[in-house]
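**Student:** Have a look; sequence and predicted model below, questions after that.
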Amino acid sequence: MTLPEEAPCCLCDVEAGDARPMLVKQAKFCIKSICQSSSHPCDNNTITVTISPTTEIVKGDTVTLTGFGGAVAPSGAMQLSSDTNDHLHFVGSSSDQTQGLGEWAVAGANQVLKLLVDKPLECSGQYVFSFTVKNPQKGQSCKQISISSGSILSAPMDVQPECGILCVDTRLHDQAHRADICRPVLPEYNLYQVGVHCSSF
């Protein structure tokens, strides 16, 4: 038997020979991008996530995002939002079935967002949602965020150059790094602030 070498009509990561019978690739997130709205100390920072899996993620599975070092938020329920109601695919936990929530957990120096799937995420479907944390007082380098879910192995997320939710603010002079996750610029004196003092979240 001659094996077909042409690539199938697939989702992503298509290579010659993919159409050979019973070749099954490891499930992955074809799209796994992330960006933030602010890089300023103590500022509210809206994190926006876009994902698209190459397999169905069924009800009861958990999508986990890790690596939000320095992000400040209380442990427990994390409110999600989305212009397209994509956030309603998730609930807070098995004990809190409120749609549109995630669970924020602190594990040592690592902050984790767990998303319990309530409505299945379809194969090749694209889902966009946001949540808000507070930046730390001290400046820091950007963090590498990773994502995983069930049979989908942990992989680093890609930083979008633009979030699409960035407000017009003359303080955003650090344009080259404003999408770096949880990367506050160093405190400074300017027309808008004198020093930096973080209030409680």
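**Tutor:** Cool, the structure landed.

**Student:** longest strand anywhere in the chain?
**Tutor:** Criterion DSSP state E: the longest strand present in the chain is strand 44-53.

**Student:** buried ones in that strand?
**Tutor:** Residues 45-53 are the ones in strand 44-53 that count as buried (16 or more other CB atoms under 10 Å). (Glycine included, C-beta is placed from N, CA and C.)

**Student:** which other helices and strands contact that strand?
**Tutor:** For strand 44-53, the packing partners by 3 or more CB pairs under 8 Å, 6 or more residues apart in numbering; DSSP states H and E come out as strand 29-36, strand 127-134.

**Student:** In TSV: these, plus mean neighbour count and mean pLDDT.
**Tutor:** Below are the helices and strands packed on strand 44-53 laid out as TSV (neighbours: other CB atoms under 10 Å; pLDDT from 0 to 100):
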stretch	mean neighbour count	mean pLDDT
strand 29-36	21	93
strand 127-134	21	96
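
**Student:** how close does the residue positioned nearest the centre of the chain sit to residue 135?
**Tutor:** Geometric centre of the chain, nearest residue: residue 49, 3.7 Å, by CA atoms, centre = their mean. Applying CB to CB, to the nearest Å, the value for residue 49 to residue 135 is 17 Å.

**Student:** can you check residue 71 too?
**Tutor:** Distance of residue 71 to residue 135, given as CB to CB: 7 Å.

**Student:** One more: residue 55?
**Tutor:** With CB to CB as the criterion, residue 55 and residue 135 are 34 Å apart.

**Student:** which of the two has more neighbours?
**Tutor:** Taking other CB atoms under 10 Å, residue 55 and residue 135 do not tie; residue 135 has more neighbours (25 against 19).
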